[in-house]
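S.K.: Sequence plus the predicted model coming up.
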Amino acid sequence: MSQEPSVSAVKRTFPPLYTATGDVDTDRLAFFHILERLKTQKRTGWVDHKAPRSWILTSISDHMYRMAVLAMCTSDVKLDVSRCVMLCIVHDLAEAQVGDITPREGFSKEEKRRLEATAMHNFVHDMLHGSPAALRIEALWKEYEDGETDEARFVKDLDRLEMALQAREYEKAHSQNLQGFFDSSLPQIGHSEVRQWGEALSRERAV
């Protein structure tokens with residue numbers, strides 16, 4: 001009887017990075033086209049939390065879009081809301097190249113960060129030729145990754161809340177209890193308003 005492959009043996013490969021042609025229009029269009037992957041690639045990290053793969057219907061762009069609208073709903077006047085919306089839209093951009101890398105695949109946090117940083121460099125410098133717009137995208141992505149600004153921390157909390165919202169919707173759709181999703185997301189929220197939104201969600205679940 002054959003043995004189950006080890007995690008490292010089944011570690012997936014990634015599409016080759018884009019090779020710049022040197023033509024600005026051609027390379028920019030390549031970037032515009034690669035964004036389509038965000039619409040079709042699913043949020044497979046859910047499987048790590050024991051959600052059946054057949055449930056996974058939301059794409060990476062679905063996730064980022066809802067986060068962006070959530071950011072617009074804040075009443076926190078200390079935040080730069082426009083910047084928060086841009087952070088939401090950019091924070092998972094590297095996944096257009098590497099997909100939703102999950103712990104079960106055997107990648108360390110350092111390797112995941114390296115793969116995503118390499119993807120972003122390819123987008124910014126090979127596809128968008130280091131234009132001011134490209135450098136703005138890169139700076140936003142790095143701001144989120146570093147998590148040192150109020151806006152970046154707020155958006156990280158929205159990331160947690162969005163997962164809990166999706167878990168609640170999966171619960172209702174499939175008549176299941178997904179408490180683990182809430183335990184790993186809502187208690188980690190630091191922003192007071194986002195925490196209130198999470199508390200309202202918890203009350204909704206209790207009804």
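M.R.: Looks like it arrived, so ask away.

S.K.: Send me stretch 176-184 as PDB with only the CA atoms.
M.R.: The C-alpha coordinates for stretch 176-184 follow below in PDB (Å, rounded to 0.1, in the frame of the first residue of the first chain):
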ATOM      1  CA  GLN A 176     -22.900  24.000  10.500                       C
ATOM      2  CA  ASN A 177     -21.200  25.400  13.600                       C
ATOM      3  CA  LEU A 178     -17.900  27.000  12.700                       C
ATOM      4  CA  GLN A 179     -16.900  28.300  16.100                       C
ATOM      5  CA  GLY A 180     -13.200  27.900  15.400                       C
ATOM      6  CA  PHE A 181     -13.300  30.600  12.800                       C
ATOM      7  CA  PHE A 182     -14.700  33.100  15.300                       C
ATOM      8  CA  ASP A 183     -12.300  32.100  18.000                       C
ATOM      9  CA  SER A 184      -9.300  32.700  15.700                       C
END
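
S.K.: Report the buried residues of stretch 179-186.
M.R.: Neighbour counts over stretch 179-186 (16 or more other CB atoms under 10 Å) mark 181, 182, 185, 186 as buried. C-beta: built from backbone N, CA, C; applies to glycine.

S.K.: Now the third one, what are its backbone angles?
M.R.: As for residue 185, its main-chain torsions (degrees, to the nearest 10) stand at phi -120, psi -60.

S.K.: Next one: it from residue 71, what distance?
M.R.: Distance of residue 185 to residue 71, computed by CB to CB, to the nearest Å: 17 Å.

S.K.: Please apply the same query to the last one.
M.R.: Distance of residue 186 to residue 71, given as CB to CB: 18 Å.

S.K.: where in this protein is pLDDT low?
M.R.: In the predicted model of the chain, residues 1-11, 45-56, 103 satisfy pLDDT under 70.

S.K.: mind running it again at 90?
M.R.: For the chain, the stretches with pLDDT under 90 are 1-13, 41-58, 100-109, 170, 173-178, 180.

S.K.: which other helices and strands contact the longest helix along it?
M.R.: The longest helix of the chain (DSSP state H) is helix 150-174. Helix 150-174 sits against helix 60-72, helix 81-90, helix 132-146, helix 179-183, helix 192-206, with contacts defined as 3 or more CB pairs under 8 Å, 6 or more residues apart in numbering; DSSP states H and E.

S.K.: and the first one, what other elements does it pack with?
M.R.: Packing contacts for helix 60-72, counted by 3+ CB pairs under 8 Å, 6+ apart, involve helix 36-40, helix 81-90, helix 150-174.

S.K.: Which one of the ones you listed lies nearest to residue 139?
M.R.: helix 81-90 (9.3 Å; CB to CB).

S.K.: List the buried residues in the closest one.
M.R.: Going by 16+ other CB under 10 Å, helix 81-90 has these buried residues: 81, 83, 84, 85, 86, 87, 88, 89, 90.

S.K.: Same question for stretch 141-159.
M.R.: Those would be 141, 143-144, 149, 151-159, for stretch 141-159 by 16+ other CB under 10 Å.

S.K.: Many thanks, have a good one.
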